[in-house]
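S.K.: please work out how this folds:
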Amino acid sequence: MIGFWNRREVFIGNSLQKFSETREMLEGNAIKYKYKVASDSHKSAFATTRARTSSFGQNMDFSRTYYIYVHKKDYEKASFILR
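M.R.: Okay, here's the model as predicted:
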C-alpha cells in the first residue's frame, strides 16, 4: 500500500502528455504508483477561481498540476527508469 507516510514523489508537472508517458513507463516496469491532480480553479468560500476571475487569457495547459508517487522502496528503480 502506498500511503502518505511511505511514498516518494517521482513526477510533478503540468503536461498531460508527460504525465501519461510517466504512468505508462511505471506500468510497463510493474511499479505501483498513485497520482493526484490539482486544479488551479479550486473552490474558495465564495466562488471558484474561474468564476471570480474568468479564464480569459489563462493558458489552460497550466490549469492542472499532476503528481505521481511511488512507494519509497521503489523510488530508486522508478527514478532510474524515468531518466
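
S.K.: what bits of the protein have low per-residue confidence?
M.R.: Residue ranges of the chain with pLDDT under 70: 41-62.

S.K.: from the chain's centroid, how far away is the longest helix anywhere in it?
M.R.: Counting residues, the longest helix found in the chain (DSSP state H) is helix 16-28. Distance, stretch centre to chain centre, for helix 16-28: 11 Å (Cα atoms, centre = their mean, to the nearest Å).

S.K.: what's the next secondary structure element after it?
M.R.: strand 33-39 (DSSP states H and E).

S.K.: can you list the strands that that next one pairs with?
M.R.: strand 64-71 (antiparallel) (DSSP bridges).

S.K.: buried sites along the partner strand?
M.R.: The neighbour-count check on strand 64-71 (16 or more other Cβ atoms under 10 Å) flags 64, 66, 68-71 as buried. Where C-beta positions appear, they are placed from N, C-alpha and C, glycine not excepted.

S.K.: what would the residues you listed look like in JSON lines with distance to Ile81?
M.R.: Formatted as JSON lines, these follow (distance: Cβ to Cβ, whole Å):
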{"residue": "Arg64", "distance to Ile81": "24"}
{"residue": "Tyr66", "distance to Ile81": "18"}
{"residue": "Ile68", "distance to Ile81": "12"}
{"residue": "Tyr69", "distance to Ile81": "15"}
{"residue": "Val70", "distance to Ile81": "10"}
{"residue": "His71", "distance to Ile81": "14"}
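
S.K.: out of these, who's nearest Phe19?
M.R.: Tyr66 (4.0 Å; Cβ to Cβ).

S.K.: okay, and the beta partners of the closest one?
M.R.: Under the criterion used here (DSSP bridges), Tyr66 is bridged to Gly13, Val37.
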